[in-house]
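S.K.: got a predicted structure plus its sequence, pasted below:
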Amino acid sequence: MVAAATRWRPTVAEQTPDPSHLWIKYRFRGWPDAPGQWFDVASGRLGSEGETTSSIGVEWPGEPLDDLLYLPPVARAQRGARDELVRSLIKQGTPVLVQLLEEDPVGVGELAIYDLLQTLLDRNLTALEHLAPGSAAIWPLIAGYTDSREFSEAGVERLASAGVVSIQGVVAELDPSDRRRIVETGGEEGFDAMFHGSSPSERDFSRIVEAAGMEPFVSRPLPEGPSWLRGNRRIAEILALSGELWLRLGKSEATGQSLYATARRIDNDSHDLLTLCREGNLKVIDWLDPLSSQIIEEWVSCGRSSELEKLKSQYLSDSTEAT
């Protein structure tokens, strides 16, 4: 017996934006589940499979959101309402991340990203050749199923030939029920590696993506709004990604966490860092540490951060030593 559809009454849940979760801050509670196996980018776990049946409203009745809103994938019957909702949100000024399944067409959203989980578990790499040129993809890394070097290289090669521009690999956080679902879909072959093997390496996968000429990190979409807000959000992105890479490289945890903490504080601060920096008054922000100040000043003056570039180069190098 199929449950009757319930009216969608959207409320918003929040989390801290970070590069590992694709800069998501908001999501709607009660969003309808998608069929099959899919990866919940916001939580890093498997998404719910066909449990809620609420219908999507085509308009968001609240105020525009000031940061990235995540819309998980939906069943085919819900796509039209989802797309209308996305258009309404973007018109209001809310940046939206629309997660697509492999068979979905790209057409809406400031950022649309393909979820490859079902395709990878089916070992159907040929399907990757048909993704839309210019699109981005998320590659859930699951030990024994989606993380082998040979499999990853073959899949990334097909995505590159399709014209995909960015692929971010994320280690899936799986509880026992998630693991059982993976075995049911992907078979017993990877059972031992998933339950008893080592965690997949996001760094190794990022190297494969970079070697294929694509970007291994998804850039942060910015909200509509004044230039100071957009500038602060971009600065926070640079600091957070620097902190993430700093920690992944095994450098000082205190410094990496400090970069992250500064990024979070800037996200919620009303100072116009761009103007303060250009006028030589950045020191009035007494909670900025020296490294963060250096990164901000360089980015504002020349549009780049040599510190972030150095960290990315180290992270994507072939060296296995922590630096």
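M.R.: Great, that's in hand.
S.K.: where does the stretch 101-250 of the chain have low pLDDT?
M.R.: 105-110 (pLDDT under 70).
S.K.: and the residue lying closest to Gly93 once chain neighbours are set aside, what does it touch?
M.R.: Residue nearest to Gly93 in three dimensions, not counting chain neighbours: Glu224, with 3.2 Å by C-beta to C-beta, 6 or more residues apart in numbering. The way it works is simple: take the backbone N, C-alpha and C, and place the C-beta from them, glycine included. By C-beta atoms under 8 Å, 6 or more residues apart in numbering, the residues touching Glu224 are Pro64, Gly93, Thr94, Pro95.
S.K.: is Glu224 in a helix, a strand, or coil?
M.R.: With DSSP: H, G, I helix; E, B strand; the rest coil as the basis, Glu224 sits in coil.
S.K.: what separation do you get for the closest residue in space to Leu222 that isn't next to it in sequence and Gly243?
M.R.: Once flanking residues are discounted, Leu222 sits nearest to Arg230: 4.8 Å by C-beta to C-beta, 6+ apart. Distance from Arg230 to Gly243, counting by C-beta to C-beta, to the nearest Å: 20 Å.
S.K.: how close does the nearest residue to Pro73 once chain neighbours are set aside sit to Ala75?
M.R.: Of all residues not flanking Pro73 in the chain, Ala34 sits nearest, at 4.2 Å (C-beta to C-beta, 6+ apart). Applying C-beta to C-beta, the value for Ala34 to Ala75 is 6 Å.
S.K.: who's more crowded, those two?
M.R.: Ala34 (22 against 15; other C-beta atoms under 10 Å).
S.K.: name the residue in Arg230 and Gly243 with the higher neighbour count.
M.R.: Neighbour count, other C-beta under 10 Å: between Arg230 and Gly243, Gly243 has more, with 26 against 14.
S.K.: the more buried one in helix, strand or coil?
M.R.: helix.
S.K.: please name the nearest non-neighbouring residue to it.
M.R.: Nearest residue to Gly243 in three dimensions, chain neighbours excluded: Leu259, at 3.2 Å (C-beta to C-beta, 6+ apart).
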